[in-house]
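Colleague: everything below, folded, please.
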Amino acid sequence: MLKRIANYCKESYDELVHKVSWPTRKELSSSAVVVLYASLLIALVVFLMDSVFQFVMEDVVYPH
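Modeller: Residues are numbered from 1 along each chain as shown. This next block holds a predicted model:
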């Protein structure tokens with residue numbers, strides 16, 4: 001059992017070092033910026049939807 005675990009760890013390390021293509025720092029930074037902008041856009045859309053829903057519900061529950 002211990003030999004199987006050790007073999008699994010060795011194969012995992014070998015795959016991570018020799019077979020995985022890691023992004024460059026520039027690619028990683030670019031992707032991070034895309035994720036940041038997408039997250040901000042989604043947060044803005046959710047905020048706007050929540051504000052509209054709140055406005056509508058206040059008119060229904062507490063009519064003027």
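Colleague: going forward, measure contacts and count neighbours with C-alpha atoms only.
Modeller: Fine.
Colleague: where is the longest helix in this protein?
Modeller: For the chain, the helix with the greatest residue count under DSSP state H is helix 25-61.
Colleague: how about low-confidence regions in the chain?
Modeller: 64 (pLDDT under 70).
Colleague: residue 56: how many residues sit nearby?
Modeller: Look at residue 56: counted by other C-alpha atoms under 10 Å, it has 13 neighbours.
Colleague: what sits against residue 45?
Modeller: For residue 45, the contact set (C-alpha atoms under 8 Å, 6 or more residues apart in numbering) is empty.
Colleague: same thing with residue 18?
Modeller: Here residue 18 is in contact with no residue (C-alpha under 8 Å, 6+ apart).
Colleague: need the phi and psi values for it.
Modeller: phi -110, psi -20 (degrees, to the nearest 10).
Colleague: quick check: it vs residue 4, distance?
Modeller: 21 Å (C-alpha to C-alpha, to the nearest Å).
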